[in-house]
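# sequence and computational prediction follow.
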There are 4 protein chains.
Amino acid sequence: MPKVSAKYKEEKRTHILESALKCFGEKGYQATIIDDIVKDSTISKGAIYNYFASKEEIYIQLLQKRTDTFFEEMEQENASLSRAKEKLMNIFKRFKKQELTEENQQAMRVYIEFWLYGSRQDDLKNLLSERYNRFIDYIVKIIQEGQASGEMKADLDPENISRIFWAMRDGNVLHYSFLGEEEQYRYAWDVIEEMFISYVQK
Amino acid sequence: MPKVSAKYKEEKRTHILESALKCFGEKGYQATIIDDIVKDSTISKGAIYNYFASKEEIYIQLLQKRTDTFFEEMEQENASLSRAKEKLMNIFKRFKKQELTEENQQAMRVYIEFWLYGSRQDDLKNLLSERYNRFIDYIVKIIQEGQASGEMKADLDPENISRIFWAMRDGNVLHYSFLGEEEQYRYAWDVIEEMFISYVQK
Amino acid sequence: MPKVSAKYKEEKRTHILESALKCFGEKGYQATIIDDIVKDSTISKGAIYNYFASKEEIYIQLLQKRTDTFFEEMEQENASLSRAKEKLMNIFKRFKKQELTEENQQAMRVYIEFWLYGSRQDDLKNLLSERYNRFIDYIVKIIQEGQASGEMKADLDPENISRIFWAMRDGNVLHYSFLGEEEQYRYAWDVIEEMFISYVQK
Amino acid sequence: MPKVSAKYKEEKRTHILESALKCFGEKGYQATIIDDIVKDSTISKGAIYNYFASKEEIYIQLLQKRTDTFFEEMEQENASLSRAKEKLMNIFKRFKKQELTEENQQAMRVYIEFWLYGSRQDDLKNLLSERYNRFIDYIVKIIQEGQASGEMKADLDPENISRIFWAMRDGNVLHYSFLGEEEQYRYAWDVIEEMFISYVQK
DNA sequence: TATGAATGAGAGTTCATTCAT
DNA sequence: GATGAATGAACTCTCATTCAT
């Protein structure tokens, strides 16, 4: 019989992850020290290590959680849409709205940094690959739907197009997270959407 | 009367920078320790500090050197081309060829990591901003030329288009540097070129 | 809820300071490395840095603590004495007794070294100036009392006399700390007392 | 047959010593790095090591040279004086005049620092002891002359008196080198002279 | 479970000294 | 004799992780 409820533990985990995201976003993963998270969360160092085995694990779980949330929300929103193009445009819309919060900008930074960091460590690489494929697949399916319904060009390679989509998005986020210019980010994203949609549709 | 020739010193600097690029590329800037560079270059730690004031300075000089080289080479190649579209396509071609070397893949990684790293330190931020603007301007001018000659759509915002160009490129490089799949990178880049060119031209 | 009591922490601090004093005394401030203090105190390097921000801060706190102790003790002893001359003689007595311990000899050395060291760094200079003035003032007041009560010559400049007092003391300590000859130090100090007292009194 | 004259070498040595004194005075012995001396003297690092075996040796020779110069000059000045008291007063006068130059203030600092530094190393300790005794003896002889001629109290212990003299001087110099207040230094020295002379004379 | 003091293996950097030219 | 580039041991300080309480 556990001393504290599962709910209590889950909340504490979430609390730590939120603080970690904030710290990683502000200072970067490598530059963040555990004491930063202690200070921000007001949870003791020992307690943090009760919930997570290492600093790296905090990072990983953070990523996992955000990825899961992204797909849950996207799935839900897109469920009501029938056309592939609408779904695609909805994703563009989401990124346009969502990413302009301070919190999200930091989250993006964290995720790019981790990408670089993770690409040198085999155990992480698998994890990141899986995650990457999930994102790729998501767009692949939409493109395939569009091709099936005749909305999109039949001769597109869905996987390649999907890669391009995420490359554009990550590139834009990379620049934005560095430059911090909301207006220009949004503006660029609009034009990217136009370019992309006009390219894939018939 | 200098002890060694300027050429000798220049070569030594270059040698250190090459080793540093290799190490940074393999392990990342933050994860690379000076002793890695010592081992790779077989130059003593003290000697390295005779040529560079700090690990950060090595990074900066690396960036500077590569940037300069890029512009020199690009300028030269493009000098013989008269049409804006040709110039643009030449840049696409260059990235397609160039980036597939192992060395270049690492260089890209280094440059993206530094971008993240630098975005939290004011002194570096200025440096990176300047560098960024140089790249932006380069494409801006080509777009403007294309608009003036009637090759490209008149209603494009050259600066925005340039941002998009670099975002796409950096995004693609980011993915490629992580995934390391040459074929797919090249393929994606081809399609990006097609999409981009067809979008900007009349 | 603190993990350990304030008393525990205070004792640990004191323990570190004692080891530091011993090391600084034996090898000098600059020549002492943190590992010397680690070895002597059997407290880990990290723990030392939990209590003090830097090697310099250890030094400063050491100085502060000893200065405070000196004034507290002196104040207490002199409280029961009514005549200025008695107070002055009491200080002489104290130095004669006190300084012959090994520990004190080292402390003196440390304090002189720090004086030289600090005289080149502006932040320390202020600190040392303040401390110096505290010592000067202490004797100034006694001289003024003596002048007011008619025990001491009215035409003395109390501040100058005070400076001379401390110059003589520091000079004597400097020689002693180098030569380590207790007997001669004590003997010299007796004669200095005689010379000084006979000069200031009516 | 030497390639360069002995005179040339001697000048070069002197030049290095002058620069070293300047550097040591400004930054302290330990804080001075060889490159400071290189810069100030415009003599190459290698050349400096041709003339001196180590940084420490530069220090030692500096001390030796200044000590020799002091005694030579003092001997010469005092040769023309017949009375012990006059000789003593002449030494006081010398210190009053001499020490107020910037150069001398630094020299004093150097000498005190070295004293502390040297007191922990046996090889230096002997050297410094010898030097110390030379200074002690110098005043001892004057006191003895004064006692023989009846100018000074017969019951003084010349060695102790001499120690006191140097302690006062070094203490005063120590304070002055830190505080840098010429006026007060001079003023204190005047009063010390008065106190000392009146104490030793009949 | 929670706490935060303790640990110690590194990290970047410095600098006296050497030695090939 | 002169040069200054090269060397590498040594230094201060950091911080992820552990563990007694």
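Good, I have the coordinates. Numbers count the residues shown, from 1 in each chain, chains lettered A, B, ... in the order given.
# can we go C-alpha only for contacts and neighbour counts from here?
Fine.
# which element is the residue positioned nearest the centre of chain A on?
Centroid check for chain A by C-alpha atoms, centre = their mean gives A:Thr67 as the closest residue, at 5.5 Å. Element membership of A:Thr67, judged by DSSP states H and E, is helix A:55-79.
# sorry, back to before: for chain C, see how far away the residue nearest to the centre of chain A is.
Remark: distance between A:Thr67 and chain C (C-alpha to the nearest C-alpha, to the nearest Å) = 38 Å.
# might you report the residue contacts of that residue?
The contact partners of A:Thr67, by C-alpha atoms under 8 Å, 6 or more residues apart in numbering or on different chains, come to A:Arg131.
# contact residues of chain A facing chain D?
Neighbours of chain D within chain A, by C-alpha under 8 Å from any C-alpha of the partner chain: none found.
# longest helix anywhere in chain A?
Ranked by residue count and defined by DSSP state H, the top helix of chain A is helix A:122-148.
# against which helices or strands is the next helix or strand after the helix holding A:Thr67 packed?
Using DSSP H and E, the helix or strand that follows helix A:55-79 towards the C-terminus is helix A:84-98. Packing partners of helix A:84-98 (3 or more C-alpha pairs under 8 Å, 6 or more residues apart in numbering or on different chains; DSSP states H and E): helix A:55-79, helix A:122-148, helix A:182-200.
# how about whatever residue of chain A ends up closest to chain B, nearest residue that isn't a chain neighbour?
At 3.6 Å from chain B, A:Gly171 is the closest residue in chain A, using C-alpha to the nearest C-alpha. Nearest residue to A:Gly171 in three dimensions, chain neighbours excluded: B:Gly171, at 3.6 Å (C-alpha to C-alpha, 6 or more residues apart in numbering or on different chains).
# thought A:Glu159 was touching A:Ile136?
Yes - with contacts counted by C-alpha atoms under 8 Å, A:Glu159 reaches A:Ile136, the gap being 6.9 Å.
# assign A:Ala167 to helix, strand or coil.
Look at A:Ala167: counting by DSSP: H, G, I helix; E, B strand; the rest coil, its state is helix.
# can you pull the domain assignment for chain A?
A:1-52, A:61-200 (automatic domain parsing).
# quick one: which of those domains is nearest C:Glu75?
domain A:1-52 (43.1 Å; C-alpha to C-alpha).
# close to chain C, is the closest one?
No - residues of domain A:1-52 are not located near chain C by C-alpha under 8 Å from any C-alpha, the shortest gap being 11.2 Å.
# thinking again about what came up before, could you look up the SS state of the residue nearest to A:Gly171?
helix.
# so the residue of chain A closest to chain B makes contact with B:Arg169?
Yes - assessed by C-alpha under 8 Å, A:Gly171 is found in contact with B:Arg169 at 7.1 Å.
# pLDDT below threshold where in chain A?
Scanning chain A for pLDDT under 70 picks out A:1-4, A:98-100.
# what parts of it come near chain B?
A:26-28, A:30, A:109, A:113, A:115-117, A:119-120, A:129, A:160-161, A:163-164, A:166-172, A:174-175, A:178-179, A:184, A:187-188, A:192, A:195-196, A:199.
# the helix or strand hosting A:Lys12 versus helix A:55-79: what angle between them?
For A:Lys12, the element it lies in under DSSP H and E is helix A:6-27. Interaxial angle of helix A:6-27 relative to helix A:55-79 (axes from the mean of the first three to the mean of the last three C-alpha atoms, to 10 degrees): 100 degrees.
# what packs against helix A:6-27?
helix A:34-41, helix A:55-79, helix A:102-118.
# contacts for the first one next, please.
I take that to be helix A:34-41. So helix A:34-41 is contacted by A:His15, A:Ile16, A:Ser19, A:Ala20, A:Cys23, A:Ser44, A:Lys45, A:Ile48, A:Lys55 (C-alpha under 8 Å, 6+ apart).
# try stretch A:194-202
By C-alpha under 8 Å, 6+ apart, stretch A:194-202 touches A:Lys85, A:Gly150, A:Glu151, A:Met152, A:Lys153, A:Leu156, A:Phe165, B:Met195, B:Phe196, B:Tyr199.
# how many other residues sit next to the residue of chain A closest to chain B?
Here the number of neighbours of A:Gly171 (other C-alpha atoms under 10 Å in any protein chain shown) works out to 26.
# any idea how far it lies from B:Phe95?
Noted for A:Gly171: a distance of 16 Å to B:Phe95, by C-alpha to C-alpha, to the nearest Å.
# give me the nearest residue to the residue of chain A found nearest chain D, chain neighbours excluded.
Nearest residue of chain A to chain D, counting by C-alpha to the nearest C-alpha: A:Ala31, 31.9 Å away. Leaving aside its sequence neighbours, A:Ala31 sits nearest to A:Phe24 (C-alpha to C-alpha, 6+ apart; 7.8 Å).
# what helix or strand is A:His175 on?
Following DSSP H and E, one finds A:His175 within helix A:158-179.
# now for that helix, which elements pack on it?
Helix A:158-179 sits against helix A:102-118, helix A:122-148, helix A:182-200, helix B:158-179, helix B:182-200, with contacts defined as 3+ C-alpha pairs under 8 Å, 6+ apart.
# what helices and strands are in contact with the second one?
For helix A:122-148, the packing partners by 3+ C-alpha pairs under 8 Å, 6+ apart come out as helix A:84-98, helix A:102-118, helix A:158-179.
# check those helices for me and report the most buried one.
Comparing the helices and strands packed on helix A:122-148 by mean neighbour count (mean count of other C-alpha atoms under 10 Å in any protein chain shown), helix A:158-179 comes out on top with a mean of 22.
# contacting residues around it?
With C-alpha under 8 Å, 6+ apart as the criterion, helix A:158-179 contacts A:105-106, A:108-109, A:112, A:136-137, A:139-141, A:143-144, A:182, A:185, A:188-189, A:192, A:196, B:115-116, B:119, B:129, B:164, B:166-172, B:174-175, B:184, B:187-188, B:192.
# quick revisit: show me what counts as buried in the longest helix of chain A.
A:124-125, A:128-129, A:131-132, A:135-137, A:139-140, A:142-147 (16 or more other C-alpha atoms under 10 Å in any protein chain shown).
# got a list of what whichever residue of chain A sits closest to DNA strand E touches?
Of chain A, the residue with the smallest distance to DNA strand E, taken as C-alpha to the nearest atom of the strand, is A:Gly46 at 2.9 Å. If you count contacts by C-alpha under 8 Å, 6+ apart, A:Gly46 has none.
# now stretch A:126-145, how far from the centre of its chain.
Centre-to-centre, stretch A:126-145 and its host chain are 12 Å apart (C-alpha atoms, centre = their mean, to the nearest Å).
# how about stretch A:62-82?
Counting by C-alpha atoms, centre = their mean, stretch A:62-82 comes out at 10 Å from the chain centroid.
# likewise stretch A:172-185?
With C-alpha atoms, centre = their mean, you get 16 Å for stretch A:172-185.
# compute the first-to-last residue distance for that stretch.
Note: stretch A:172-185 ends 7 Å apart using C-alpha to C-alpha.
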